[in-house]
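Student: give me a 3D structure for the following:
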Amino acid sequence: MDRRAFLTASTAGLASLGFKGSALASTAPAVALPTLAKPAKSTVLFFLCGGSSHIDMWDMKPDAPLEYRGEFKPIRTKGDEIVLCEHLPLLAKQAHRFAMIHGVTDAGRATGDHHAGYYYNLTGHAPDPTFKQQGNDRRPYPEDWPYMGSVVTMKRPPHPTLPSLITLPHKPSKLPFTRPGQFAGRIGMEFDPFFLNGSFDEPLSFAAPTISIGGGMTSQRMQDRQNLLTALNSARRELDHEMAVQNYTKQQERAFDLLSSSGTVNAFDIQSEPLPLRERYGQHINGMSLLMARRMVEAGVPFVTVFWKEDEGLHAKCKSAGGWDTHGNNFNCLREDLLPKFDQCFSAFLEDLASRGLLDETLVLVTSEMGRMPKVGDRRSGGPLGAGRDHWTACMSVLMAGAGIQGGHVVGETDARAEYPKDRPIYPEDITKTVYYAMGIDNLDAKDRLGRTYNLLEEGKALTELFG
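Tutor: The predicted structure is shown next:
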């Protein structure tokens, strides 16, 4: 059977069929969470893969010593309280539309590795001991706590024709180092994301491997294939847990439903967007991914995740995988490569949403797995001469916009060198709870495989002061 034509699961493969984990059950009555009076219809989470530098972008410290503040200068913005880097001039014009949250910290609960940073910031749950034991070798496990987008998908009504949770343009990162935290984990594969894959070479073309079929596929052949999958599942029931098999079957059924929907292909057709708009976003993979996210919002998809796609051509220059992990040459990599593209595409995204009347009903979140070390000079890239910034999980910044967020304001503050929260630490679970608040999710109860109730996120408190 043609590999490209075979329908595949969108999660970490069949490993989830071996699920043996179980959450702690509770018999306590559910306590309703506060929610926004007019919940958002969609959330777009823009994740800056690698660990973006808070002190160089939007938590600048111009009065700190040079070895901390670095080379960049702050500029004024249209947001009353917001100061941005000089290399974000387009975003500065949109600062009245978003709020900044400074002093987001892991408080020593993570490991400093990327895997733990992804997991904590995507699920709201502090990494368990396996992250310390395995570091960046830690795989996604079926018993992991679910990605916040998966929880939204579980709790909100499904989209009538499209997936309720879409991730693009890639699944971080390369095997065998797939980042934990981006999957549904213990709540089941049916709440995993559908992935749209994009590339640097063809930024206008997105492929959906979970719903793709080979050329020449007829309805009869597709039905024959579905019969084959049914037979395979029947055979596998003798080896696998019944509930896990049901979850996998649901994933296949959703794929067939999408294939039979006449609107699916048109929804993903980004080339139909006007050329001037595509150029405003920037016709590179990250710009086109945000434009696709806007299309998904317009189509009513409840949760869209855009993971910044790393440019492997920057590996030698930045001592990284090509993303925001600027272990070396931090300032040149930001000034020449990362910040111009981010400034262009994200400012265009906010502007586009606002012009279409979509921003008020869409929560926009920009986050990362960590910040960067405020003191310049990563020892792994030559110390001060290498001009890099190492990982820094003690402090980072998060941007939020839309859905009633009061633009131009700042919540939280860091110390004089942007090393630690000044007075009020804010945790990833607070950010996650804020997403649930904005999306109108007031009940985080779930059932384990034995039918027992447990809470999907007991920790954290929504930052309600962000909202008007």
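
Student: looking at the protein, which helix or strand is least sure?
Tutor: Ranked by mean pLDDT, DSSP states H and E, the helix or strand of the chain with the weakest confidence is helix 242-259, at a mean of 54.

Student: quick one: low-confidence ranges for this protein?
Tutor: For the chain, the stretches with pLDDT under 70 are 1-30, 209-265.

Student: let's verify L45: helix, strand, or coil?
Tutor: Recorded secondary structure, L45: strand (DSSP: H, G, I helix; E, B strand; the rest coil).

Student: just to check, it is in contact with V398?
Tutor: No. At 10.4 Å, L45 does not count as touching V398 under the criterion of Cβ atoms under 8 Å. Yep, even glycine has a C-beta here, placed from its N, CA and C like the rest.

Student: so what sits against both of the two?
Tutor: Both L45 and V398 are contacted by L365, T367, under the criterion Cβ atoms under 8 Å, 6 or more residues apart in numbering.

Student: the more surrounded of the two?
Tutor: Neighbours were tallied for L45 and for V398 using other Cβ atoms under 10 Å; the higher tally belongs to V398 (25 against 22).

Student: sec struct for the closest residue to the more buried one other than its chain neighbours, please.
Tutor: In this structure, V398 finds its nearest non-sequential neighbour in I101, 4.4 Å apart by Cβ to Cβ, 6 or more residues apart in numbering. The three-state assignment at I101 reads strand, by three-state DSSP.

Student: how many residues are close by I101?
Tutor: Neighbour count for I101, taken as other Cβ under 10 Å: 23.

Student: ok, P62 next?
Tutor: Neighbours around P62, by other Cβ under 10 Å: 10.

Student: with P65 instead?
Tutor: By the criterion of other Cβ under 10 Å, P65 has 10 neighbours.

Student: next one: P157
Tutor: When neighbours are counted by other Cβ under 10 Å, P157 registers 8.

Student: again with F268
Tutor: 21.

Student: contact partners for the nearest residue to A107 once chain neighbours are set aside?
Tutor: Once flanking residues are discounted, A107 sits nearest to P425: 6.2 Å by Cβ to Cβ, 6+ apart. By Cβ under 8 Å, 6+ apart, P425 lies in contact with G103, T105, A107.

Student: buried subset of these as a ChimeraX selection?
Tutor: Here is the ChimeraX selection string for the buried members of those, based on 16 or more other Cβ atoms under 10 Å:
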select :103,105
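
Student: quick one, phi psi at F195?
Tutor: phi -100, psi 130 (degrees, to the nearest 10).

Student: distance check, it against S289.
Tutor: Applying Cβ to Cβ, to the nearest Å, the value for F195 to S289 is 12 Å.

Student: ok, T105 next?
Tutor: 28 Å.

Student: which other helices and strands contact the host helix or strand of R280?
Tutor: Assigned by DSSP states H and E, R280 falls within helix 275-281. Helices and strands touching helix 275-281, by 3 or more Cβ pairs under 8 Å, 6 or more residues apart in numbering; DSSP states H and E, are helix 285-298, helix 339-355.

Student: quick check, distance from that helix to the centre of its chain.
Tutor: 24 Å (Cα atoms, centre = their mean, to the nearest Å).

Student: pull the residues that contact it.
Tutor: Identification of contacts with helix 275-281 by Cβ under 8 Å, 6+ apart yields L204, I270, G287, M288, L290, L291, Q344, C345, A348, F349, E351, D352.

Student: thanks a lot, see you next time.
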